[in-house]
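[1] here is the input, now give the coordinates:
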Amino acid sequence: MKRILNLGVIVLLIFALAACSKPNAPTGGETSKEATGGSKTEEGGTEEIVPEEGAKLVLWDNGDKEGEWAKYVAEKFREQYDVPVKVEVVSHVDAPGKLQTDGPAGLGADVFSAASDHVGAMNTAGLIYDNYYADEYKDRFLEGAVSAVSNIDTSGESKVYGFPTSVESVALVYNKDLLAKMGLKPAKTMDELIQQSKEFMAENPGSYGLMIEPGNFYINYAFLGGMGGYIFGENNTDPSDIGLNNEGSVKAADFVKKIRDEILPLKKEDITGDVVSSYFNEGKLLYNITGPWAINGLQEAGINFGITPIPTLPNGEAPTPFSGVKGYYVNAYSKYPQAATLLAKFATSDEMLMKRFEMTGQLPPTQKLLEDKRVKDDEIKAAFALQVATAVPMPNITEMQSVWSSMEMAFTSIWNNDTDSKEALDKGVQQIKQSIASQTK
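    This is a model prediction of the structure:
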C-alpha cells in the first residue's frame, strides 16, 4: 500500500513538473585556480565547473559511520572550494520520498544519498540532475555501478544520473569450524553444496546444510539470472518484455524446488530471516546466503565464519545476485547546482571513496579501488568484492515495484504447494503485467 501511494505521488509530480525544465542546470564555465585547485580539465576532457558565488550546501546522508564520512567529505570540500556544507541525517531510504515535497518547496538538500532502485522514480518526477561528468564515470566506475545509477531520459536514451558511493551484493557464508570438522572445503558448485549438506544433516540431526528464504526474490534471482532468466528486456529498461517465466526461469524454479526436496523440507513460513540467523549462530547451519549487513551479527555471535562467491549452478554458470548501489544525487531544485555537482563529484573521488571504505567498510564501486591492497587484505571484504563481479544491478525503473510481491507469491506456491514451476511463474508474470497496466491508467 505504501508503494502504491508513493507511486501515486510520483504520477502527480510528473504532471506538475512536465512543463518545467530543471532550473539552473550545471554548465561548464571558466575554470578558476581557487575553485578547482589548479585543475583545468578532467581526464575525460570535461571542463571543470565553478561553484556559484556565495554558495552554501546541505547534504543528506545516513547517520552512524556513513554520516561521519559525510561530515569528513564536507569539511575537506570546504577546505578546497571554500563552500560550506551542512550535513543532515536523512536516510538513503527516506531521502527520495522526502525530496518529493521538500524539493519543489526549496527545502530539500542540494545533494543526497539514495539507493539505485529509486533512480527511475526520481528521474520520472524530474527531481534529479543527470551527471555532468558522465563520460568520466563510465571510464572510472564499474559498469554495473554506472548502469545502476542510469535511467532513460525523455528522448529515450540512457543517461547517468547518480554518483556511485558504494556497491554490495550477497554471497555464500559458511561455518569454518563445521566444515573443518567434516574435513571439507567450501563447495564450488551447488551440486557439491547439496551433497555436503546431506552429509552434514545425516551426522547432525536437527541441523541444516543450507537455508534460503523460499519467497525472497532478492535471493532467488541469483538462480534465475544465472540460468537464463531475466526481469525486463533491454538491460532491465523495457517493461514490455518480461523474462521471469522463460525456459531459464523455469529451470531455476525447478532447482529451488530441488533444494526443498533434498535438503530443506520446511514450509516457507518456517524459514524466516530470523530463523536462518538463529540456526547459523547456534552452529546448526553449514551455509547461508546473505550480505554485508549480517557481518556484525556474526562477529558478535563469535562464529568462525568465511565468505565465498555463491557456487556455480547446475548449468555450469555463475549465479547473478543483485548488486545494491548507493549514490549521491543532485537535487534539481538546488539553488547552487554547480557547487552541488562539484560536491557529489568530490565525494566520489578515489581518495574520498577509499576513506569511505576505511570508515564504513562499504566496497568502493571502481575496479581500481577494489584491487587496492587495503581491500584485498580484508578477507571478508575481498570475498564480497569477488561476488560483485558477477552481480547485476537491481532494475531501477518504476515497474520493478510490481515484481517483488508477484514473484514472492509465485515462489511460495512452488515451495509450499508444489505448484508446477511454469504454471506458477506464468501466473506471477500475468500479475506483474496487470499491476503495471493499472499504474499507467
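[2] got the phi and psi for Ala171?
    Here is the backbone geometry of Ala171 (degrees, to the nearest 10): phi -150, psi 180.
[3] likewise the one 5 residues further on?
    Backbone torsions of Lys176, given as degrees, to the nearest 10, read phi -60, psi -40.
[4] how far away is it from Gly306?
    Using Cβ to Cβ, to the nearest Å, one obtains 5 Å as the distance from Lys176 to Gly306. For the C-beta atoms, the positions are set from N, CA and C on the backbone; glycine is no exception.
[5] so which of the two has more stuff around it?
    Between Lys176 and Gly306, counting by other Cβ atoms under 10 Å, Gly306 is the more crowded of the two (15 against 12).
[6] chain center to the stretch of helix or strand Leu286 belongs to: distance?
    In the assignment (DSSP states H and E), Leu286 maps to strand 285-290. Centre-to-centre, strand 285-290 and its host chain are 21 Å apart (Cα atoms, centre = their mean, to the nearest Å).
[7] oh, and call the first residue 647 from now on, that's how I've got it
    Okay, residue one is now 647; in that scheme the one you just asked about reads as strand 931-936.
[8] same for that strand, what does it pack against?
    Counting contacts by 3 or more Cβ pairs under 8 Å, 6 or more residues apart in numbering; DSSP states H and E, strand 931-936 packs against strand 817-821, helix 836-849, strand 854-857, helix 919-927.
[9] would you mark the buried spots in the helix or strand just after the first one?
    Right, strand 817-821. Downstream of strand 817-821, the next assigned helix or strand under DSSP H and E is helix 822-827. For helix 822-827, the neighbour count (16 or more other Cβ atoms under 10 Å) marks Leu824, Leu825 as buried.
[10] now swap in stretch 845-853 and tell me
    Phe846, Met847, Asn850, Ser853.
[11] residue contacts, the third one?
    Yep, that's Asn850 we're talking about. In this structure, Asn850 makes contact with Lys930, judged by Cβ atoms under 8 Å, 6 or more residues apart in numbering.
[12] separation between it and Met836?
    21 Å.
[13] and the helices and strands packed on strand 931-936 as a markdown table, adding distance to Asn942 and mean pLDDT?
    Output for the helices and strands packed on strand 931-936, formatted as a markdown table (distance: least, Cβ to Cβ, whole Å; pLDDT from 0 to 100):
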| stretch | distance to Asn942 | mean pLDDT |
| --- | --- | --- |
| strand 817-821 | 13 | 97 |
| helix 836-849 | 25 | 97 |
| strand 854-857 | 20 | 97 |
| helix 919-927 | 12 | 95 |
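[14] quick one, which of those gets closest to Lys1022.
    The closest of the helices and strands packed on strand 931-936 to Lys1022 is strand 817-821. By Cβ to Cβ, the value is 15.7 Å.
[15] the closest one: how far from the chain's middle?
    Worked out by Cα atoms, centre = their mean, strand 817-821 lies 20 Å from the chain centre.
[16] direction included, what does that strand pair up with?
    Paired neighbours of strand 817-821 in the sheet (DSSP bridges): strand 931-936 (antiparallel), strand 951-954 (antiparallel).
[17] CA atoms only: put it into CSV for me.
    C-alpha atoms of strand 817-821 as CSV (Å, rounded to 0.1, in the frame of the first residue of the first chain):
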residue,chain,number,x,y,z
ALA,A,817,27.5,-14.1,-1.1
LEU,A,818,27.8,-17.5,0.5
VAL,A,819,28.7,-17.5,4.2
TYR,A,820,29.9,-20.8,5.7
ASN,A,821,30.8,-22.0,9.2
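[18] next, the angle helix 836-849 makes with that strand.
    Going by axes from the mean of the first three to the mean of the last three Cα atoms, to 10 degrees, strand 817-821 is angled at 30 degrees with respect to helix 836-849.
[19] contacts for strand 817-821, please.
    With Cβ under 8 Å, 6+ apart, strand 817-821 has contacts from 832-833, 926, 929, 931-937, 940, 944, 949-957, 967, 1029-1030, 1032-1033.
[20] could you rerun that using 6 Å?
    With Cβ atoms under 6 Å, 6 or more residues apart in numbering as the contact definition, strand 817-821 has outside contacts at 832, 932-936, 951-956, 1030, 1033.
[21] any idea which of these is closest to Glu694?
    Phe1030 (34.0 Å).
[22] following the chain onward from whichever strand or helix holds that closest one, which element is next?
    Per DSSP H and E, Phe1030 falls inside helix 1025-1034. Beyond helix 1025-1034 in the direction of the C-terminus, DSSP H and E gives the next helix or strand as strand 1038-1039.
[23] any chance you could list what contacts that following strand?
    With Cβ under 6 Å, 6+ apart, strand 1038-1039 has contacts from Gly790, Ser793, Ala794, Gly871, Thr966, Ser969.
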